[in-house]
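K.L.:
make a model of this:
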Amino acid sequence: MACPSCNRYKATRQTAIDPNTHNEVKLFNPQQQLWADHFTWSEDGTEILGLTTIGRATISTLKMNRLQLTRVRKMWVKMGEHPPNI
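P.N.:
Numbering: from 1, shown residues only. Prediction:
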C-alpha cells in the first residue's frame, strides 16, 4: 500500500538499508504495523521522520520526503489540511 510514485521506488522490495545503522531491515507493512510506531511528522509538518530502523529505511527507499512531496505538504499545512491525524 503506497501511492503510485512511492510504489515505483518500492517495486518488489521487502527489505531496505537503514541509512543510520546500515543494516538491512524489513520495509514498513501497513497491514501489519502501526504508522505511529515507526514514523512521525517534522515540527513544520512537511517531512516524515523515521522513529525506527524500519521507518528510516522505508522513508529512504520510497523517497517519502522528495522535494515534490515536501512542497505540497507545505501548501497543505498552510491550508490547515496537514499533517493528518494517524
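K.L.:
how close does the closest residue to N65 other than its chain neighbours get to Q32?
P.N.:
Nearest residue to N65, sequence neighbours excluded (C-beta to C-beta, 6 or more residues apart in numbering): E47, at 4.7 Å. The way it works is simple: take the backbone N, C-alpha and C, and place the C-beta from them, glycine included. Using C-beta to C-beta, to the nearest Å, E47 is found at 24 Å from Q32.
K.L.:
could I get the contacting residues of the residue nearest to N65?
P.N.:
For E47, the contact set (C-beta atoms under 8 Å, 6 or more residues apart in numbering) comprises 41, 65, 70, 73.
K.L.:
among those residues, which lie within strands?
P.N.:
Counting by DSSP state E, the contacts of E47 place W41 in strands.
K.L.:
helices or strands up against the helix or strand bottoming out on mean pLDDT in the chain?
P.N.:
Least confident helix or strand of the chain, by mean pLDDT, DSSP states H and E, is helix 4-10 with a mean of 83. Judged by 3 or more C-beta pairs under 8 Å, 6 or more residues apart in numbering; DSSP states H and E, helix 4-10 is in contact with helix 53-62.
K.L.:
try it again at 10 Å.
P.N.:
When contacts are defined as 3 or more C-beta pairs under 10 Å, 6 or more residues apart in numbering; DSSP states H and E, helix 4-10 sits against helix 53-62, helix 67-79.
K.L.:
most tightly surrounded among these?
P.N.:
Mean neighbours per residue, mean count of other C-beta atoms under 10 Å, is largest over the helices and strands packed on helix 4-10 for helix 53-62, with a mean of 22.
K.L.:
list the contacts of it.
P.N.:
Around helix 53-62, the neighbours that count as contacts under C-beta atoms under 10 Å, 6 or more residues apart in numbering are 2-3, 5-11, 13, 15-21, 23-30, 33, 35, 37-40, 47-50, 52, 64-65.
K.L.:
may I see the PyMOL selection of the buried members of those residues?
P.N.:
Only the buried members of these enter the following PyMOL selection, criterion being 16 or more other C-beta atoms under 10 Å:
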select buried, resi 6+10+16+18+25+27+28+33+38+39+40+47+48+50+64+65
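K.L.:
thank you, goodbye.
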